[in-house]
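S.K.: Need a 3D model of the sequence below.
(one chain, ligands or ions: 2)
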Amino acid sequence: MVEQIGVIGAGQMGNGIAHVFALAGFQVKLMDVNEAALDNARTTIGKNLARQSSKGKISEADATAALGRIDTATTMKVFADSDLVIEAASENEGIKRRILTELCPLLKPSCLLASNTSSISITRLGAATDRPEKFIGMHFMNPVPVMKLVELIRGIATAEETYSAVRTLTLTLEKIPVSAEDFPAFIVNRILLPMINEAVYTLYEGVGSVDAIDTAMRLGANHPMGPLELADFIGLDVCLSVMQVLHEGLADTKYRPCPLLVKYVEAGWLGRKTNKGFYDYSGPKPVPTR
Ligand SMILES: CC(=O)CC(=O)SCCNC(=O)CCNC(=O)[C@H](O)C(C)(C)COP(=O)(O)OP(=O)(O)OC[C@H]1O[C@@H](n2cnc3c(N)ncnc32)[C@H](O)[C@@H]1OP(=O)(O)O
Ligand SMILES: NC(=O)C1=CN([C@@H]2O[C@H](COP(=O)(O)OP(=O)(O)OC[C@H]3O[C@@H](n4cnc5c(N)ncnc54)[C@H](OP(=O)(O)O)[C@@H]3O)[C@@H](O)[C@H]2O)C=CC1
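M.R.: Numbers count the residues shown, from 1 in each chain. Ligands and ions are numbered 1, 2, ... in the order given. Predicted coordinates for the structure are as follows:
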């Protein structure tokens, strides 16, 4: 039975994943190499739980109990008694492979492993573990407490029991699982990220300003956020990594990352998480940077 959850990476996804598991009654260990990321995650989870309780979605007691079920750590040794560990570190295959290789000897043999990767091959990541049959893609959407979908991706070696256990867990979290095959960027990002990349090309070619592009897509296509606002929300580094995986993995020029997206990432303008991307977030209201 899955009771103890481990989460690696306390960025925006790691904190959201810890939040939903803790709220569903699981004990969670949230690990990051960066102590400051752990402090921020705790504050963010606390705020998001308070927001849910102030809207009457959960009780104050449930919010307090959920926060109490999350422990933080800077070492992976804390995962010794975990039943499922979900890797949600930066979207970089080298980093993820190193984490998985270092992690496996610390786990009990029955522990299941998942990656929240947005795009990287589950088969390849599974091959970096000592248990590819217990490894699966469990792809949550941002913001995790709000978004209903979890994509489940089987690698070539993923066992049916692993898929079935993780599918049941997804339903326990009151999320909706959708099964995707192990192709670059799976379903959501195969469709969403080329749209965002095209929005950056639209900006790069001067077809419209940041404000015009986002307003056009919000009001003209009924998207809750414009594509550039959404890119800043996801993180421009994540967006670029996904486009690179699509470009390399499918070898089609239609996935070429827009040079302007590359430039923003090279400048360290990663969107909301660095306070600057297609918008500047340092003031009271986001201001377009182009
Ligand atoms: C890159 C990948 O690998 C995959 C991905 O995740 S791609 C990204 C997928 N996500 C999206 O496309 C998100 C698009 N944006 C949206 O859906 C909406 O803008 C949004 C849900 C983020 C915010 O919605 P909004 O109406 O503008 O703002 P807001 O009113 O503050 O929030 C809506 C609700 O969500 C809640 N909420 C928002 N963020 C929250 C969070 N982090 N935690 C808890 N609750 C949250 C709010 O409290 C609010 O609740 P009520 O409906 O009860 O009022
Ligand atoms: N952003 C999004 O909308 C979505 C992202 N994802 C995926 O989720 C994963 C995380 O993304 P996101 O939360 O946005 O990224 P963030 O950049 O917000 O967070 C990643 C965190 O992982 C930490 N980290 C890096 N290396 C290690 C390590 N070796 N051990 C432990 N922690 C480490 C980083 O620390 P430091 O800052 O010090 O490097 C950072 O705190 C990625 O695979 C991404 O593709 C999936 C769905 C949506």
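
S.K.: What parts of the chain come near ligand 2?
M.R.: 8-14, 32-34, 37, 88-91, 95, 99, 116-118, 139-140, 142, 234-235, 238, 273 (Cβ under 6 Å from any ligand atom). Any C-beta I mention is one placed from the backbone N, CA and C, and that applies to glycine too.

S.K.: Please pick the buried ones from those residues.
M.R.: Applying 16 or more other Cβ atoms under 10 Å to these, the neighbour count classes 8-14, 32, 37, 88-89, 91, 99, 116-118, 139-140, 142, 234-235, 238, 273 as buried.

S.K.: Out of these, which sit inside strands?
M.R.: Secondary structure defined by DSSP state E assigns Ile8, His139, Phe140 of those to strands.

S.K.: Just give the closest residue to the second one, not the sequence neighbours.
M.R.: Nearest residue to His139 in three dimensions, chain neighbours excluded: Glu151, at 3.9 Å (Cβ to Cβ, 6 or more residues apart in numbering).

S.K.: Relative to ligand 1, how far out is the one you found?
M.R.: To ligand 1, Glu151 is 8 Å away according to Cβ to the nearest ligand atom, to the nearest Å.

S.K.: my read is that residue is in a helix, agree?
M.R.: No: Glu151: not assigned to a helix; according to DSSP: H, G, I helix; E, B strand; the rest coil it is strand.

S.K.: wouldn't it be in contact with Glu181 here?
M.R.: No: under the contact definition of Cβ atoms under 8 Å, Glu151 does not touch Glu181, with a separation of 10.4 Å.

S.K.: I'd like to know the beta-bridge partner residues of Phe135.
M.R.: Using DSSP bridges, the bridge partners assigned to Phe135 are Leu113.

S.K.: Domain ranges for this structure, per the record?
M.R.: In terms of domains, the chain is parsed into 4-181, 189-288 (source: the TED database).

S.K.: now these in a markdown table, with mean pLDDT?
M.R.: Converted to a markdown table, the domains of the chain look like this (pLDDT from 0 to 100):
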| stretch | mean pLDDT |
| --- | --- |
| domain 4-181 | 98 |
| domain 189-288 | 98 |
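
S.K.: circling back: return the subset of the buried ones among the residues of the chain next to ligand 2 lying in helices.
M.R.: Under the assignment DSSP state H, these contribute Gln12, Met13, Gly14, Ala37, Ile99, Ile234, Val238 to helices.

S.K.: Skipping adjacent residues, who's closest to Gln12 in space?
M.R.: Distances taken as Cβ to Cβ, 6+ apart place Asn142 nearest to Gln12, at 6.3 Å, with adjacent residues excluded.

S.K.: ok, now which ones touch that neighbour?
M.R.: Gln12, Met13, Gly16, Phe233, Ile234 (Cβ atoms under 8 Å, 6 or more residues apart in numbering).

S.K.: Now it: phi and psi?
M.R.: phi -100, psi 130 (degrees, to the nearest 10).

S.K.: got a list of what the residue nearest to His139 touches?
M.R.: Going by Cβ under 8 Å, 6+ apart, Glu151 touches Gly137, Met138, His139, Pro177, Val178, Ser179, Ala180, Phe186, Ile187, Val188.
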